[in-house]
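Trainee: sequence? don't have it. structure:
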């Protein structure tokens, strides 16, 4: 059974890029997407994905705040943050908030799948 993925990013092109990466991997299925942190928390509770790919900087609620809220709701949540270059401080905050790992934007499919498989204990 494929691992269920929630994709959270305020930029539609990034959501589509991430969805395309997982579409190429038969062991994953994108079950939902959210455009900001508030929606991310709602969708997480509704869909209970195996892994969430979360942008850090978003409107309404940051990825860091959404991560804190999701981890408080589900201590076993697996969240991989997406960051741009130069966001090292935000990445550290995200890890402290409960994120399992991060990927840096301008990533390629192999990198994304490698990190996600690693945090799920498959890599």
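Mentor: Noted; the coordinates are in hand. In this text the structure is predicted, and so the values were computed from the model without any measurement.
Trainee: list the buried ones in the strand or helix carrying residue 102?
Mentor: Using DSSP states H and E, residue 102 sits within strand 101-104. Across strand 101-104, burial judged by 16 or more other C-beta atoms under 10 Å covers 102-103. The C-beta positions use only the backbone N, C-alpha and C, and glycine is treated the same way.
Trainee: what does stretch 103-110 give?
Mentor: residue 103.
Trainee: circling back: and the strand holding residue 102, which strands flank it?
Mentor: Sheet pairing for strand 101-104, assigned by DSSP bridges, gives strand 79-83 (parallel).
Trainee: buried set for the following helix or strand past the strand holding residue 102?
Mentor: Reading on from strand 101-104 to the C-terminus, the next helix or strand found by DSSP H and E is helix 109-119. For helix 109-119, a neighbour-count test (16+ other C-beta under 10 Å) marks 112-113, 115-117, 119 as buried.
Trainee: next one: stretch 3-16
Mentor: By neighbour count with 16+ other C-beta under 10 Å, stretch 3-16 contains the buried residues 3-10, 14-15.
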